[in-house]
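Asks: Below is the sequence, then the predicted model.
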Amino acid sequence: MSIRGQACIVGAYEHPLRKAPDHSVAQLHAEVAKGAIEDAGLSHDDIDAFYCAGDAPGANAWSMANYLNLRKLRHLDSTDMGGCSYLIHVAHAAEAIAAGKCNVALITLAGRPNSEGSSGTQVRVRGANLPDAPYELPYSPVPLNLYAMCAMRHMHEFGTTSEQLAWIKVAASHHAQHNPHAMLRDVVTVEDVLASPMISDPLHRLDACVVSDGGGALIVARPEIARSLRRPVVRVTGTGESVQHHMGGQVDITYTASAWTGARAFEEAGVTPADIDYASIYDSFTITVLLQLEDLGFCRKGEGGRFVSDGNLISGVGKLPFNTDGGGLCNNHPANRGGMTKVIEAVRQLRGEAHPRVQVPDCRLALANAIGGAIGHRHGAATLIMERE
Amino acid sequence: MPTPYQDRKISDPLLNPGDAAYFEATAEGRLLLKKCHDCGQFHHYPRSLCPFCWSDKVDWTASAGTGAIYSFSVTRRGAGTPFCIAYVTLDEGPTMMTHIVDADLDAVRIGERVKLVFKASENGTAIPMFTPVDAGA
């Protein structure tokens, strides 16, 4: 069974707040759920499937289903794959709709790490019984140094430079200047990135994403329902999900699971990287973007540095406009999980509702890719390909 | 300007059943790897099943404690004392997460040969780390 064209994204909403000290996490989830269902032109009682991940209170589906008073649920998924969970939820919603298990799925993400003082230089406590913990936690692996080791190895194997990585941030900043909600709206240069403090070699402060509160939500529905609504129809045409890890000690941190998820999604959608008009690429760090672009086949392995240089990711300038909302690097990274906002900006692009200064003309085919966990030790990845009908 | 290694607080490993032997060996100055009797491969971190063939015939074997740096990063901000996290590929095959210590952290390089040393965590557990073979000799 293929999900190609079997489900549509009919609602998308991004929370406008970037710091929400007086909101509860449940309230943020509820506000984005309301925003997405109103965006779709559907109502609360139309929802018959609910998906959320580890950011939801209780890390289960029943607590938010209770808060939202969802009464007609017949399909549920609380798959937690970190930042890429929400792409996986879209894929699973499409599978469930194609199988006749549900009609209208709500997916929510929200959190407040900005108010709670989270940082990429803190060790994240991940729970009891983890088999890797005794052999890793004494070494203080944190998001920054795990991704930094990927960048260091990529530089060693392929000659990638800090200047090339900086271009990814520069492109994001060119887009963020047009987003009134973005945390960082100043356009930066390669020199600005290189002059920012070195946090963990070779990554500078401006190689890292922001820490923000907020959230987002999506509504996925059966195509017949999508066509009855007064919104452009965005079909899901290809998906992929996988995991990459230490391989029993045969460590290779120069590629991500996107190498597998991208190939599967492109095959299912029947398109190639050259066909993509717009790409949302998970940007926890600049190196994260570079690895995914290579793994998805936008360029060959090792050539990502040259691919991202000279504004090639800037809308209206380069060949592959990416993260036109400013992405995690400049706009927001709610709950330290950037996958939801990647899908939302892709939907805006396909609907023609991105900011006019960054809107890709006649955007018909978009890709969203995300990573969960950390590439430097264990991570999930997911790819979505979406098409405007 | 060099960044000399400085001792820092190391968190204690939280052991699950099966992990004690590894840290009993580190207390005696040895690094143990698990080796599979069926497929002959070493693996790390240690498991009760070989991750390659799922055989349960896995035993502890002492590593020579030598290898080469696969990747590293000196974390300079947000964590107090700078430290060098690294992956070291042991001569037996597996690559393990570790720290590079007792060296100028600015001089650490991928491919550099390293040898086993130990640093104590807060409760005195010996944690395996590595230092360049010719560091400060």
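Replies: Right, received. Where do you want to start?
Asks: by contact count, what packs against whichever strand in chain B runs longest?
Replies: Ranked by number of residues, the top strand in chain B under DSSP state E is strand B:66-75. On a contact count with 3 or more Cβ pairs under 8 Å, 6 or more residues apart in numbering or on different chains; DSSP states H and E, strand B:66-75 meets helix A:143-158, strand A:198-200, strand B:83-90, strand B:95-100, strand B:113-120. All C-beta atoms are positioned from the backbone trio N, CA, C, and that covers glycine.
Asks: hmm, 10 Å instead?
Replies: Strand B:66-75 sits against helix A:143-158, strand A:198-200, strand B:83-90, strand B:95-100, strand B:113-120, strand B:126-132, with contacts defined as 3 or more Cβ pairs under 10 Å, 6 or more residues apart in numbering or on different chains; DSSP states H and E.
Asks: what helix or strand is the closest residue to A:Pro321 other than its chain neighbours on?
Replies: Closest residue in space to A:Pro321, ignoring its immediate chain neighbours: A:Ser315 at 3.7 Å, by Cβ to Cβ, 6 or more residues apart in numbering or on different chains. When elements are defined using DSSP states H and E, A:Ser315 is found to belong to no helix and no strand.
Asks: Tell me how many other residues surround A:Ser315.
Replies: 25 (other Cβ atoms under 10 Å in any protein chain shown).
Asks: how about it, phi and psi?
Replies: Phi and psi for A:Ser315, reported as degrees, to the nearest 10, are phi -60, psi 130.
Asks: can you pull out the strands in the stretch 101-250 of chain A?
Replies: Assigned by DSSP state E, counting those that start in this stretch, the stretch 101-250 of chain A shows strands spanning A:104-111, A:198-200, A:203-204, A:214-221, A:234-244.
Asks: For the ones you listed, give me JSON lines that also has mean neighbour count, mean pLDDT and distance to chain B.
Replies: Formatted as JSON lines, those follow (neighbours: other Cβ atoms under 10 Å in any protein chain shown; pLDDT from 0 to 100; distance: least, Cβ to the nearest Cβ, whole Å):
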{"stretch": "strand A:104-111", "mean neighbour count": "29", "mean pLDDT": "98", "distance to chain B": "20"}
{"stretch": "strand A:198-200", "mean neighbour count": "25", "mean pLDDT": "96", "distance to chain B": "4"}
{"stretch": "strand A:203-204", "mean neighbour count": "24", "mean pLDDT": "98", "distance to chain B": "8"}
{"stretch": "strand A:214-221", "mean neighbour count": "30", "mean pLDDT": "98", "distance to chain B": "23"}
{"stretch": "strand A:234-244", "mean neighbour count": "24", "mean pLDDT": "98", "distance to chain B": "14"}
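Asks: Reformat those strands into JSON lines and put distance to B:Ile110 next to each item.
Replies: Listed next are those as JSON lines, based on distance: least, Cβ to Cβ, whole Å:
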{"stretch": "strand A:104-111", "distance to B:Ile110": "36"}
{"stretch": "strand A:198-200", "distance to B:Ile110": "15"}
{"stretch": "strand A:203-204", "distance to B:Ile110": "16"}
{"stretch": "strand A:214-221", "distance to B:Ile110": "38"}
{"stretch": "strand A:234-244", "distance to B:Ile110": "20"}
